[in-house]
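**Q** Model the following, please.
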Amino acid sequence: MVNGERAESVFERIGGSAKRSRRMADVLDMIAERGEVELAELAEHFSTSSATMRRDLAAMADHGLILRTHGGAKVASSLTERPVALKDTRFREAKRRIARAAAARVPRERYAVALSGGTTAAGVARELAGHSSLTIVTNSLPIANLVSRYPKLKIIMTGGILRAQSLELVGVLAEDTFNSLNIGMAILGADGFSAASGLTTYDETEARANRAMVMHAKTTVVVADSSKIGNVALARIATAPEVDVLITDGDADPAELQRLRDAGVIVVIA
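**A** Residues are numbered from 1 along each chain as shown. Prediction:
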């Protein structure tokens, strides 16, 4: 089993400082949009040296995010999502507000909450630090590592196969853990949420683990910043009517939010 130190080392290896992680995420967006970009153009656009940009590209290539070319980089055909270490700096303030709003819905009594992976769900875990009678069930290594710092919180960690992109444990062992428990509230992040396609993520094994979480929770709460609303990823976790509450930010598409309300979802703007 991979421990918290291993999870932290992945963060350091990919992103390092917040400034570098933010730049690498923006570089990845630029390459994805253009298809292929020259090193000199990247260095000029991001006001950094060619040597620094070359190191950034090498790190991203090592993790399969891009392909290096002679004098630049191009999009990798396998790229469908950013690793969790590069997601942490995007929509940061909105995610904080969303996390606070989600944590406020957790009863201040003996209670069990399931948390999926993702930076917004991790933010919820931080906001729950002061809870004294809470059990957190998760398949996320970063969240387990985070919660372990708060001795009043009880944590149940699933087994499973480590998915490197999201640092979540997936597969039959993870699903069986969720299937064997009765959970008061499941709080999930996602890569997309729409009325037509429901709650979706990029990986089908991750979706199955999260699906098990939803099926054994009395209440399902989705925490998703505005960039995820209306977006559709590969694998469905739940239909829109199976979600009780969506907590998002004020930049979400109003028309899509109304369609979600029409499907029975309570929409909370944080």
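**Q** Could you name the specific helix or strand carrying A25?
**A** Under the criterion of DSSP states H and E, A25 resides in helix 18-34.
**Q** cool, and A121?
**A** Per DSSP H and E: helix 119-127 holds A121.
**Q** distance between that helix and the chain's centre?
**A** Counting by C-alpha atoms, centre = their mean, to the nearest Å, helix 119-127 is centred 10 Å from the centre of its parent chain.
**Q** next SSE after it?
**A** By DSSP H and E, the next helix or strand past helix 119-127 is strand 134-138.
**Q** I'd like to check what contacts that next one. Which residues are they?
**A** Strand 134-138 is contacted by residues 106, 110-117, 125, 128, 143-144, 147, 152-158, 177-178, 181, 183, 213 when judged by C-beta atoms under 8 Å, 6 or more residues apart in numbering. (C-beta placed from N, C-alpha, C; glycine too.)
**Q** That strand pairs with which strands?
**A** strand 111-115 (parallel), strand 154-157 (parallel) (DSSP bridges).
**Q** export the ones you listed to TSV and tack on mean neighbour count, distance to N231 and mean pLDDT?
**A** Below are the strands paired with strand 134-138 laid out as TSV (neighbours: other C-beta atoms under 10 Å; distance: least, C-beta to C-beta, whole Å; pLDDT from 0 to 100):
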stretch	mean neighbour count	distance to N231	mean pLDDT
strand 111-115	24	21	97
strand 154-157	16	29	95
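**Q** Distance to K19 added to those, as CSV?
**A** Below are the strands paired with strand 134-138 laid out as CSV (distance: least, C-beta to C-beta, whole Å):
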stretch, distance to K19
strand 111-115, 28
strand 154-157, 31
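**Q** Looking at those, which is nearest to T219?
**A** Of all the strands paired with strand 134-138, strand 111-115 sits nearest to T219, with 9.7 Å by C-beta to C-beta.
**Q** ok now that closest one, how far from the chain's centre?
**A** On the basis of C-alpha atoms, centre = their mean, strand 111-115 sits 17 Å off its chain's mean C-alpha point.
**Q** quick one: that strand to helix 119-127, angle?
**A** Interaxial angle, strand 111-115 versus helix 119-127 (axes from the mean of the first three to the mean of the last three C-alpha atoms, to 10 degrees): 150 degrees.
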